[in-house]
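In: Mind folding the following:
(2 chains)
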Amino acid sequence: MTDPVVITGRAIVTPLGDCLESTWTALLSGTSGIGPITAFDASGFPCQLAASVSGINPESLDLPRRESRIMDLHSLILMKCAQEAMRDAALSGEGDSGLEIGFFAGIGMVDYRTDDLTGAVSASLDETRQIDYQRFYERAYQEIFPLWPLAMLNNIALCQVAVKLGLRGENSVFSPHGDSTLQGVWEAVDVLRNGRNQQVLAAGVAEKISESSLARGLLHGFINVRDSTHPCRPFIRDNAGTVLGEGGGIVVLESLSSAASRDRPAQVAISGYGSAFGQADERGFCGPSEEAIAQAMAGALRSSGHTFEEVDLVLTHGEGSPYADRNEIKAIRGLMRGSKSITRIYSSKGNLGHLLAGAPLVDIVLAERMISSGMVPPVDCQGALIEDAEDLLVKDSPSRLNPRVVMVNAFSYEGQAGSLLLEAL
Amino acid sequence: MNQPMGTTSEKRRRVVVTGLGLATALGLEVSTNWQKALKGITGIRTLVYPGAESSPVQATGSISDEQWRQIAAAFPMEAQQQGEKRTLFALWAAQRAMSDAGLDPLPATGRERYGVMVAAGAPINRLEDIAPWTDTSGGFDLVRFGQQYQQVHPESIMRNNSHRPATLIASKFGLGGYNGTITSACASATQALGLALRSIQRGESDLMLAGGADSMINPVGLIFFVLLGAANTTRDAPEKACRPFDRRRAGLVMGEGAGLVVLEAEAHARQRGAKIYGEVVGYGSSMDAYQVTAPEPKGYGASRSMEQALMDSGLANTDIDYINAHGTGTKLNDLAETLAIKRTFGEHADRLLVNSSKPLIGHLLAASGGPEFVFTVLSLHEDRVHPTLNLTTADPKCNLDYVVGEARQAQIRAALSNSFGFGGQNASIVIKKYRG
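Out: Below you'll find the predicted structure:
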């Protein structure tokens, strides 16, 4: 790498805290952020657990009231992380400097708030309580807040941050799952490697847990409805699905020479990426196949110039679902074949829940901390492990592994797989 | 063998367009679309929908029932299983583009280097997914919904992830490489094309199906831009409702459909003897950072996107002969875009041919950059530019050479297509004539 792309700012919000320090401390002590859903009455659903974020409010982010009205939790998390990551990187978008700052984000599905539409629905109902579209078009639609449509656009959270912070560089919004966030990170790396912007924010954020997102997860069949005592147990033999989580994060990326010229410290570079598509089964919602996962990981190795033997740690997708976990372990074992050493693996989802598009970004920030501190927190995985995972998983207590080269995996439920390689400078 | 990502533009691979596919209100074949576009025939008609006579929106560029039956007959299983019609539009356009590129069937080898990058629009919000659980006091019965969520409709947001079109295209055609979905509002499809270009330039993919599919022609979708004050709600004749750059322009007119193209590494295309429409040479994007409700009025953001694309292409601004404008027919966009073109091209702006495809097919929103790129490619390939319909009384502030009346024959060495998204995301892409 002639001029590596490095991380110079970071911020995360997770169910374990509204910053990296609180999340990291909680992970090291094995704390779980999963608990009963309190944001709405989930008692009718077959799953009432989630890993929720609390305490993020618009007032603390200095936002105009009219705009904050269309900001759901994911937008607030993105805004908070952007403000903090910019501060952490000692960056400002003021004046012309914002022209040189890009922004790529992976953003989850954006759901309507039922309350935003119930007024229009009620006013549209006929005597038999069916929707009468004549009534809707004539006047009932005016019950909807005029800026509500903006809240339904997947890109508005990114644009609100851009407006607030003056970011005017290259950009894109990818969606809806973790693989999309890694795509955004890699496109950010491309922008920097080719000198098109000076710095780029790369983000990932999950949708809010609501009746819609919970219904979607249940309809797609990836939520654990069998075991409420252990709602998310990555790599356990009889695991039964995952649990939704809220949160996300942002990293500020720039070239090492740019960081040096600004006197900003950097310890970790992003050096490789691979992706693939292949469905694990015909139903289509069981994640990528073993072959697709292996292809994505091999692509990340190839583009970084590393062998798998040189990878010290994989922050797995490891979501606690039968297909995804087994296929990921098989892919890792396949890459490890012939290797003299074993590559250890970690999953944050047992503690944080599945943050979907937010998950890999949080994992990138955690990976950076693992590289800089040498420590790896234990995976929350009570029960008998999948056989092939036995000697790989970091469990029971934090381990000092001193990882130097770390891979982050992220998948979608529909067959997309992505892998990103980070390494110590 | 994979090549490492280039660090300079000199190391990038060349990328060409080898296949085109469309599904629009003008037709389901590229040739039909193009012939109608050149003749100035619009696909925008009076909306046919339950209760539509009361709708504040009366004109749309809708896929007709007959067209829909043709699409559904081509993909019967998917038509039965998939909730959103835009997924089927995407499949149709993908199949057409693959066939046009001579890739139907796809070769058995190399599929892990063939990918998909597709734009997706706002989800479908159905009042019927709320009404059954609304109690008489207007509240939503969450407990009962939690017991009955399986009853939501197949096209509900709860059953359709935004990457459904990209997933289904890859699964149907066996494309095992890079697979992404862009949700940058109306800039999405041009960003999808640009990011597909990057993936091939870097050597990570040999071939990408790229573009977009969208439809918001559904009850809540129809009032989306009415609430935002951007839709044409006049009672103009439908075929006259979309009037980009005209003094009487009164807002956007929605369309639906898909536009996908095959982008391919030049060496890969030549090796298999593919027909080449043109070479994609530059891409740029920018953010206005102005307001999420309106474009930056002087067009600074839009001009940065064009400048970035030009710089990326290595072309001089005088090398561009034609711009397919975003040209929505809204007061704000058309003026800002005109100013942006003038700022970017200086004196050369007066020599550019400019048009908008939206009076022909409507505003395909997230997908708009897809069909508009197809029209741009065809203009470059055939040296002909379709007219901008309904531009009869020019806005004095919009004073570029917008092609009006009849199609224009002119040498097109290179062309640029613009897409700008609600919220302030801008994207521009540059193609030039292919020289082997």
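In: C-alpha from now on. contacts and neighbour counts both.
Out: OK.
In: the strands in chain A, which residues?
Out: Taking DSSP state E to define them, one finds strands in chain A at A:5-13, A:34-36, A:49-51, A:101-107, A:171-174, A:199-205, A:248-255, A:268-277, A:313-315, A:344-346, A:375-376, A:399-400, A:405-411, A:416-424.
In: What of chain B?
Out: Taking DSSP E as the test, the strands found in chain B are B:15-23, B:45-46, B:59-60, B:114-119, B:179-182, B:207-214, B:257-265, B:278-287, B:322-324, B:353-355, B:384-385, B:408-409, B:414-421, B:425-432.
In: Output these in CSV, with mean pLDDT, distance to residue A:314 and mean neighbour count appended to each entry.
Out: Shown next, in CSV, are the strands of chain B (pLDDT from 0 to 100; distance: least, Cα to Cα, whole Å; neighbours: other Cα atoms under 10 Å in any protein chain shown):
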stretch, mean pLDDT, distance to residue A:314, mean neighbour count
strand B:15-23, 98, 34, 29
strand B:45-46, 96, 55, 18
strand B:59-60, 96, 50, 28
strand B:114-119, 98, 25, 33
strand B:179-182, 98, 22, 32
strand B:207-214, 98, 29, 34
strand B:257-265, 98, 32, 32
strand B:278-287, 98, 33, 28
strand B:322-324, 98, 46, 27
strand B:353-355, 98, 51, 25
strand B:384-385, 98, 53, 24
strand B:408-409, 98, 58, 14
strand B:414-421, 98, 37, 28
strand B:425-432, 98, 35, 31
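In: Tell me which of the strands of chain A lies nearest to residue B:302.
Out: Nearest to residue B:302 among those is strand A:171-174; the distance by Cα to Cα comes to 13.1 Å.
In: does chain B sit close to that closest one?
Out: Yes - using Cα under 8 Å from any Cα of the partner chain, we find that strand A:171-174 touches chain B at A:171-174.
In: need the residues of the stretch 1-150 of chain B near chain A, please.
Out: Residues of the stretch 1-150 of chain B found near chain A, taking Cα under 8 Å from any Cα as the criterion, are B:2-5, B:7-9, B:50-56, B:112, B:121-123, B:125, B:127-128, B:130-131, B:134, B:138-140, B:142-147, B:149-150.
In: State the distance from the closest residue to residue B:92 other than its chain neighbours to residue B:22.
Out: Distance criterion Cα to Cα, 6 or more residues apart in numbering or on different chains; nearest residue to residue B:92, sequence neighbours excluded, is residue B:71 at 6.5 Å. Counting by Cα to Cα, to the nearest Å, the gap from residue B:71 to residue B:22 is 12 Å.
In: Now do the shared contacts for these two.
Out: Listed as contacting both residue B:71 and residue B:22 by Cα atoms under 8 Å, 6 or more residues apart in numbering or on different chains are residue B:92.
In: Wait, residue A:68 touches residue A:58, no?
Out: Yes - counting by Cα atoms under 8 Å, residue A:58 is a contact partner of residue A:68 at 6.3 Å.
In: Pull up the residues of the stretch 251-400 of chain B that are close to chain A.
Out: Taking Cα under 8 Å from any Cα as the criterion, the contact residues of the stretch 251-400 of chain B with chain A come out as B:284-292, B:301.
In: Show the pLDDT at the residue nearest to residue B:92.
Out: Residue B:71 carries a pLDDT score of 97 in this model.
In: Cross-check the contact I'm expecting between it and residue B:87.
Out: No - between residue B:71 and residue B:87 there is no contact under Cα under 8 Å: 10.8 Å.
In: who's more crowded, the two?
Out: residue B:87 (28 against 20; other Cα atoms under 10 Å in any protein chain shown).
In: Count residues in the vicinity of the residue nearest to the more buried one when sequence neighbours are not counted, would you?
Out: Closest residue to residue B:87 in three dimensions, ignoring its sequence neighbours and counting by Cα to Cα, 6+ apart: residue B:165, at 4.8 Å. By other Cα under 10 Å, 31 other residues sit near residue B:165.
In: Ok, residue A:46 next?
Out: Going by other Cα under 10 Å, the residues that sit close to residue A:46 add up to 17.
In: Count the neighbours of the residue nearest to it when sequence neighbours are not counted for me.
Out: Nearest residue to residue A:46, sequence neighbours excluded (Cα to Cα, 6+ apart): residue A:225, at 5.9 Å. For residue A:225, the count of nearby residues is 18 (other Cα under 10 Å).
In: Could you tell me which residues within stretch B:394-414 count as buried?
Out: Within stretch B:394-414, the residues that count as buried by 16 or more other Cα atoms under 10 Å in any protein chain shown are B:394-395, B:398, B:400, B:402-404, B:407-408, B:412-414.
In: Same check on stretch A:142-158?
Out: Residues of stretch A:142-158 classed as buried by neighbour count (16+ other Cα under 10 Å): A:142-144, A:146-158.
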